[in-house]
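Visitor: show me how the following folds:
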Amino acid sequence: MVASSGDLVTETVTIVYANAAELSSESLEAVYTYCRTLKEELEQEAFAVEIDGVLYIF
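Guide: Numbers count the residues shown, from 1 in each chain. Purely as a prediction, here's the structure:
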């Protein structure tokens, strides 16, 4: 992230792992919604989640 002054902002990164045997389309949509909500609540510029080897950036 870049501050309005143009300086690079560094933050501590927290990596969370979770596993599911099966992920339905409804469950997948719930994950997407949660990620978007968490991104806003934490006031993050971007939020990423990897599902089945595919990286999604919100």
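
Visitor: what helix or strand is residue 34 on?
Guide: If you go by DSSP states H and E, residue 34 is part of helix 25-41.

Visitor: neighbouring contacts of the helix or strand following that helix?
Guide: Next helix or strand after helix 25-41 toward the C-terminus (DSSP H and E): strand 48-51. Residues outside strand 48-51 that contact it (C-beta atoms under 8 Å, 6 or more residues apart in numbering) are 23, 28, 31, 35, 55-58. (Glycine included, C-beta is placed from N, CA and C.)

Visitor: make it 10 Å
Guide: 16-18, 20, 23, 28, 31-32, 34-35, 38-39, 55-58 (C-beta atoms under 10 Å, 6 or more residues apart in numbering).

Visitor: how about the helix holding residue 34: buried residues?
Guide: With burial defined by 16 or more other C-beta atoms under 10 Å, the residues of helix 25-41 counted as buried are 35, 39.

Visitor: could I get that helix in PDB with only the CA atoms?
Guide: In PDB, the C-alpha atoms belonging to helix 25-41 read as follows (Å, rounded to 0.1, in the frame of the first residue of the first chain):
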ATOM      1  CA  SER A  25     -21.700 -22.800  -5.000                       C
ATOM      2  CA  GLU A  26     -23.600 -21.300  -2.000                       C
ATOM      3  CA  SER A  27     -20.700 -21.900   0.300                       C
ATOM      4  CA  LEU A  28     -18.300 -20.400  -2.200                       C
ATOM      5  CA  GLU A  29     -20.500 -17.300  -2.500                       C
ATOM      6  CA  ALA A  30     -20.500 -17.000   1.300                       C
ATOM      7  CA  VAL A  31     -16.700 -17.100   1.300                       C
ATOM      8  CA  TYR A  32     -16.600 -14.300  -1.300                       C
ATOM      9  CA  THR A  33     -19.100 -12.200   0.700                       C
ATOM     10  CA  TYR A  34     -17.100 -12.700   3.900                       C
ATOM     11  CA  CYS A  35     -13.800 -11.700   2.200                       C
ATOM     12  CA  ARG A  36     -15.400  -8.500   0.800                       C
ATOM     13  CA  THR A  37     -16.800  -7.700   4.200                       C
ATOM     14  CA  LEU A  38     -13.600  -8.400   6.100                       C
ATOM     15  CA  LYS A  39     -11.600  -6.300   3.600                       C
ATOM     16  CA  GLU A  40     -13.900  -3.300   4.200                       C
ATOM     17  CA  GLU A  41     -14.000  -3.800   8.000                       C
END
